[in-house]
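In: Below is the structure, and that's it, no one-letter string:
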């Protein structure tokens with residue numbers, strides 16, 4: 001039904017016209033307060049962050065309905081839109097403030113900004129689709145409404161654009177498989193977490209024939225406990241392959257030790273419930289190949305689930321002084337038909 005044809009609700013209809021939108025707002029606020037991302041996955045984190053925009057956009061439309069009915073207007077007026085915007089903005093600030101009292105959460109001005117953006121965009125689109133609101137502008141009314149509609153739609157698209165980025169990163173991760181990690185690749189960035197280390201892309205050192213002319217990653221392990229690089233959410237199913245491989249180039253004059261840690265999603269927070277492998281890096285090129293059976297046998301009381309890997313970490317025990325190593329991509333090997341353009345593959 002066209003908004004222009006709406007009539008004011010009678011007393012028996014008030015519960016529907018006010019109560020149902022109010023319940024909708026309560027449900028949205030409960031979702032915001034109680035629901036958490038299922039795990040620490042990059043995609044879920046980003047979707048929950050940008051989810052503030054449509055959530056408060058819908059809340060703004062529900063608030064508009066309540067305001068219009070409360071003011072007894074047959075159709076929404078500019079004043080109704082303004083009141084709904086202010087009321088939803090206050091609701092947003094209250095919701096953020098209340099998070100201070102929730103364990104593990106705090107008020108976030110960035111989230112409040114997303115809330116306001118979603119409210120403004122949804123209300124602007126709703127206003128632009130109601131011709132009656134623009135009649136006072138005469139012949140310029142349709143043009144003004146169209147400009148508001150385009151501006152709000154574009155702003156909303158930009159606000160939700162990170163969802164496209166999330167899809168791109170996961171698609172590139174899938175396309176790169178059986179390469180599990182390439183520290184120099186743009187798609188890898190959201191899944192990397194350097195800890196007490198420095199990571200940069202550089203040209204391969206002279207003499208490293210397999211990587212000649214390519215970018216490699218230079219990892220500087222700082223003088224701190226457990227410096228290294230965490231690769232979160234690698235492609236999870238390694239079960240069809242035989243070995244994990246990577247190369248390391250060292251310009252050091254003496255050997256150093258690095259450690260590879262591999263976790264699955266079933267891991268307890270126990271050192272004995274994961275794979276931990278120690279490797280000695282000699283000067284020059286080092287080619288490491290770890291059988292996946294060895295990785296699966298890492299936990300003491302069970303086998304690591306090679307079909308559900310959650311992360312792996314390359315790190316050093318606390319070194320006496322900072323040192324740097326050069327790393328190739330990390331890849332799986334075992335099905336020759338699926339191996340393409342990875343160093344050392346035949």
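Out: Done, it's in. Please read all numbers here as calculations on a predicted model, not as lab measurements. Residues are numbered from 1 along each chain as shown.
In: Can you show me the strands along the stretch 151-300 of the chain?
Out: For the stretch 151-300 of the chain, the strands defined by DSSP state E, counting those that start in this stretch cover 179-181, 192-195, 197-203, 215-221, 228-232, 243-250, 256-264, 275-281, 284-291.
In: Minimum distance to residue 326: which of those has it?
Out: Among those, the nearest to residue 326 by Cβ to Cβ is strand 243-250 (4.1 Å). In this view, the C-beta of every residue, glycine as well, is placed from N, C-alpha and C.
In: wait, which of the strands of the stretch 151-300 of the chain is closest to residue 84?
Out: Nearest to residue 84, of all the strands of the stretch 151-300 of the chain, is strand 228-232, at 40.7 Å by Cβ to Cβ.
In: Give me the distance from that closest one to the chain's centre.
Out: What separates the centre of strand 228-232 from the centre of its chain is 16 Å, taken as Cα atoms, centre = their mean, to the nearest Å.
In: Who does it pair with, and is each partner parallel or antiparallel?
Out: Next to strand 228-232 in the sheet, as set by DSSP bridges, lie strand 192-195 (antiparallel), strand 309-315 (antiparallel).
In: for the record, mean pLDDT for the first one?
Out: For strand 192-195, the mean pLDDT works out to 95.
In: What lies in contact with it?
Out: Contacts with strand 192-195, where a contact means Cβ atoms under 8 Å, 6 or more residues apart in numbering, come from 181, 183, 199, 219, 226-232, 315.
In: how does it look with 7 Å?
Out: With contact meaning Cβ atoms under 7 Å, 6 or more residues apart in numbering, strand 192-195 is reached by 183, 227-232.
In: cool, and stretch 184-191?
Out: Residues outside stretch 184-191 that contact it (Cβ under 7 Å, 6+ apart) are 42, 169, 172-173, 176, 181-182, 201, 215-217, 231-233.
In: From residue 224, how far out is residue 24?
Out: Residue 24 is 50 Å from residue 224, where distance means Cβ to Cβ, to the nearest Å.
In: circling back to that earlier point, just the closest of the contacts of strand 192-195 to residue 211, please.
Out: residue 183 (12.5 Å).
In: Name the nearest residue to that closest one, sequence neighbours excluded.
Out: Among residues not flanking residue 183 along the chain, residue 217 sits closest, at 3.4 Å (Cβ to Cβ, 6 or more residues apart in numbering).
In: what about the one you found, distance to residue 256?
Out: Residue 217 sits at a distance of 16 Å from residue 256 (criterion: Cβ to Cβ).
In: got it, and residue 198?
Out: The gap separating residue 198 from residue 256 is 16 Å, by Cβ to Cβ.
In: same question, residue 290
Out: Distance from residue 290 to residue 256, by Cβ to Cβ: 18 Å.
In: Of these two, give the one with the bigger neighbour count.
Out: residue 256 (19 against 16; other Cβ atoms under 10 Å).
In: tally of neighbours for the nearest residue to that one once chain neighbours are set aside?
Out: Among residues not flanking residue 256 along the chain, residue 281 sits closest, at 5.2 Å (Cβ to Cβ, 6+ apart). Per other Cβ under 10 Å, the neighbour tally for residue 281 reads 20.
In: So residue 281 is in contact with residue 249, correct?
Out: No: in this structure residue 281 lies outside contact range of residue 249 using Cβ atoms under 7 Å: 8.9 Å.
In: Can you get me a residue count around the residue nearest to residue 231 when sequence neighbours are not counted?
Out: Nearest non-adjacent residue to residue 231, counting by Cβ to Cβ, 6+ apart: residue 181, 4.5 Å away. Residues near residue 181, counting by other Cβ under 10 Å, number 25.
In: now swap in residue 47 and tell me
Out: If you count neighbours by other Cβ under 10 Å, residue 47 ends up with 14.
In: How about residue 250?
Out: 20.
In: Distance-wise, check residue 160 relative to residue 55.
Out: 12 Å.
In: more crowded one of those two?
Out: Taking neighbours as other Cβ under 10 Å, residue 160 and residue 55 compare with residue 55 leading, 21 against 15.
In: Am I right that that one is in a strand?
Out: No: Residue 55 is assigned helix when assessed by DSSP: H, G, I helix; E, B strand; the rest coil, not a strand.
In: How about it, nearest residue that isn't a chain neighbour?
Out: Spatial nearest neighbour of residue 55, chain neighbours left out: residue 28 (5.6 Å); criterion: Cβ to Cβ, 6+ apart.
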